[in-house]
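Chemist: Sequence and predicted model, in that order:
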Amino acid sequence: MAEGGEEVRLIGSWASPYVVRVQIALRLKGISYEFVEEDLKNKSELLLKSNPVHKKVPVLIHNGKPVCESSVIVQYIDEAFAGTGPALLPADPYERAVARFWAAFIEDTLLKASSQASSGKTEEEKTEGKEKVAAAIVTLEGGLRECSKGKPFFGGESAGYVDVILGGLLGWVRAIDTMQGVKTFDPSTTPLLAAWAERFGQLEQVEAAMPDGKRLIEYAYARAMQAAAAAASTN
């Protein structure tokens, strides 16, 4: 129950970076909430009723009203709790538009490239996806330079909307980096993002929301084994 008697519930899955985004936003705003862990293999009536279109997490339920899609939820939290905690989106309309642009870039370019890199049908497709990821990261370095204006975060002096959208992915970025022996945010090529990732990840609210790295790696290996077994059974 949030302050003022408002009911805030979050339906999610511990490993979902999209759910982590919402948890970070809630914690940065200082909003208390109830977390409802969802079994994605046996979806609950609450989830199906709350998100009948996509049937996916996360879903924020605020005073009985569901809000779906992580980026939409984060913006909703900022607006619905405008008088609570720091603002996530800038007050200036132009700066707010710029923040939304870079958030959309993360969704539409970086994440799509990441999906191709990990799930491409051929090795050529996967290699092309990895090249797209590398190019997107370099572009995002410029986005951080533009948004931060030399300050610590995309949001300036404090973490904002773009920080939350990208920061929710950090747990998986670190897990994949460990598994593959790479550095997604490499100090030698993207020093601003590398420093940002360290800085953002050390925020108390972010640490509290971030899933355990070892558990994520174990989960990733288990998923890979399940996928391999499924593929073998169809051959």
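Modeler: Structure received.

Chemist: Who are the packing partners of the helix or strand encompassing L46?
Modeler: When elements are defined using DSSP states H and E, L46 is found to belong to helix 45-50. If you count contacts as 3 or more Cβ pairs under 8 Å, 6 or more residues apart in numbering; DSSP states H and E, helix 45-50 packs onto strand 8-12, strand 59-62. Bear in mind the C-beta positions are built from the backbone N, C-alpha and C, glycine included.

Chemist: what does that helix contact?
Modeler: I11, V36, E38, K55, V57, V59, I61, P66, C68 (Cβ atoms under 8 Å, 6 or more residues apart in numbering).

Chemist: out of those residues, who's nearest Q226?
Modeler: Nearest to Q226 out of the contacts of helix 45-50 is E38 (Cβ to Cβ; 18.4 Å).

Chemist: does the closest one really touch V57, like I thought?
Modeler: Yes - in this structure, E38 is within contact of V57 by Cβ atoms under 8 Å, at 5.3 Å.

Chemist: Break down this protein into its helices, ranges please.
Modeler: 17-29, 45-50, 70-80, 93-105, 111-119, 123-148, 161-167, 170-180, 191-201, 204-209, 213-234 (DSSP state H).

Chemist: Next up, the contacts around W172.
Modeler: W172 makes contact with P17, L216 under the criterion Cβ under 8 Å, 6+ apart.

Chemist: mind checking how far it is from S44?
Modeler: 24 Å (Cβ to Cβ, to the nearest Å).

Chemist: pLDDT at the residue sitting nearest the centre point of the chain, what is it?
Modeler: Central residue of the chain (Cα atoms, centre = their mean): G168, 2.9 Å from the mean position. In this prediction, G168 carries a pLDDT score of 98.

Chemist: check contacts around it.
Modeler: P17, Y18, V20, R21, V22, I24, S70.

Chemist: Out of these, who's the most crowded?
Modeler: Within those, neighbour counts (other Cβ atoms under 10 Å) peak at V22, which reaches 30 neighbours.

Chemist: From K130, how far off is that one?
Modeler: Distance, V22 to K130, using Cβ to Cβ: 28 Å.

Chemist: quick check: angle from the helix or strand of the chain with the lowest mean pLDDT to helix 170-180?
Modeler: Every helix and strand of the chain was ranked by mean pLDDT, DSSP states H and E. The lowest is helix 213-234, at a mean of 87. Going by axes from the mean of the first three to the mean of the last three Cα atoms, to 10 degrees, helix 213-234 is angled at 70 degrees with respect to helix 170-180.

Chemist: Could I get the buried residue list for helix 213-234?
Modeler: Judged by neighbour count using 16 or more other Cβ atoms under 10 Å, the buried positions of helix 213-234 are L216, I217, Y219, A220.

Chemist: thought I106 was touching G167?
Modeler: No - with contacts counted by Cβ under 8 Å, I106 stays clear of G167, the gap being 10.2 Å.

Chemist: higher neighbour count, the two?
Modeler: Neighbour count, other Cβ under 10 Å: between I106 and G167, G167 has more, with 27 against 18.

Chemist: got any ranges where this structure has weak pLDDT?
Modeler: Counting by pLDDT under 70, the chain shows low-confidence ranges at 1-4, 235.

Chemist: let's see it at 80
Modeler: Within the chain, the segments meeting pLDDT under 80 span 1-5, 227-228, 230-235.

Chemist: related to what we said a few turns ago, E6 is nearest to which of the helices of the chain?
Modeler: So among the helices of the chain, helix 70-80 is nearest, using Cβ to Cβ, at 8.8 Å.
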